[in-house]
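In: One predicted model, sequence on top.
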Amino acid sequence: MSIKEGQLVYLYGGERASYLILYAPGRRFSTHLGEVILPPKVSFGDPLTTNTGRKFYLLKPTTSDLAMKVRRTTTIIYPKDAGYMLLEAGIGSGSRVLEVGSGSGALTIILAMAVGEDGKVYSFERRKEFMENAMENVKRAGLEERVEFFNMDPASEGFPVENLDAAFVDVPEPWTLARPVHEALMGGGRWISLSPTIEQVQMTFDALEEGFVRLKCVEILEREILVRRGKTRPRERMVSHTGYVVTASKVNAK
């Protein structure tokens, strides 16, 4: 598959030498392993050699790559949490979803990939500078047509959209969104939130008791395994606590 000009590529030279860049014929890109020059005709999987003799490969970015390589002005939701959140939300091509807290746009990109060309992500952010950075990250990923951004506080102003399939809430006070999200979701729509402390989870559960059922809270831990002949073992460091994921389903009356 030939790479087109302006397309994002994952330039991979090892776990400590990986870059998400825009392809342009003849582009020079400098790394600590040397400089590479992007040739005029190239396909995913092709190797490149730096001026110092080190080898890189041009790979197709995964959704995880797109999310993890955003320009960050805030913390982001990690793939280990995002994957579970997507499965629990039950969304797919054509879904219409809320995102409350655009942050740096990492989850926005993941959601935009999930809903496809026929779906829509409505992303709400109170801080304009965060929203503008998220918009740039989404645009860089080529997904801007799937996302509509709002610079407002839906906790006090409500949502200008309704009958949505799911809501992803990543703000310090998710419990303040329980009622506005309930009004914006269709019957049976899913609530998904992420909070770093158990006190936030407790307050969120209290708020969700009003119009939601199937309340559940989980924590996802990720431990990489170093696979080496004769000495395979877990890596010393792991992605442990990042947040508690809370899920629930809207009901029309309790």
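Out: Cool, got the structure.

In: Flag the shaky bits of the stretch 151-254 of the chain, pLDDT-wise.
Out: 254 (pLDDT under 70).

In: element containing the spatially closest residue to Gly105 that is not a sequence neighbour?
Out: Of all residues not flanking Gly105 in the chain, Ala134 sits nearest, at 3.3 Å (Cβ to Cβ, 6 or more residues apart in numbering). For the C-beta atoms, the positions are set from N, CA and C on the backbone; glycine is no exception. For Ala134, the element it lies in under DSSP states H and E is helix 128-140.

In: so the residue nearest to Gly105 sits right up against Glu144, yeah?
Out: No. Ala134 is beyond contact range of Glu144, at 10.7 Å (criterion: Cβ atoms under 8 Å).

In: OK, contacts around the most centrally placed residue in the chain?
Out: The structure's the chain has its C-alpha centroid closest to Leu107; by Cα atoms, centre = their mean the separation is 2.4 Å. Shown in contact with Leu107 (Cβ atoms under 8 Å, 6 or more residues apart in numbering): Ala67, Ile76, Ile77, Ala82, Glu99, Phe168, Asp170.

In: roughly how far out does the helix or strand where it lies sit from the chain middle?
Out: Using DSSP H and E, Leu107 falls within helix 106-115. Relative to its chain's centre, helix 106-115 lies at 6 Å (Cα atoms, centre = their mean, to the nearest Å).

In: Adjust the sequence numbering to begin at 90 for everything that follows.
Out: Taking 90 as the first residue, the last one we looked at is helix 195-204.

In: ok so, going back, ok, now how distant is the residue nearest to Gly194 from Ser212?
Out: Taking Cβ to Cβ, to the nearest Å as the measure, Ala223 falls 7 Å from Ser212.

In: And the two? Which one has more around it.
Out: Ala223 (28 against 25; other Cβ atoms under 10 Å).
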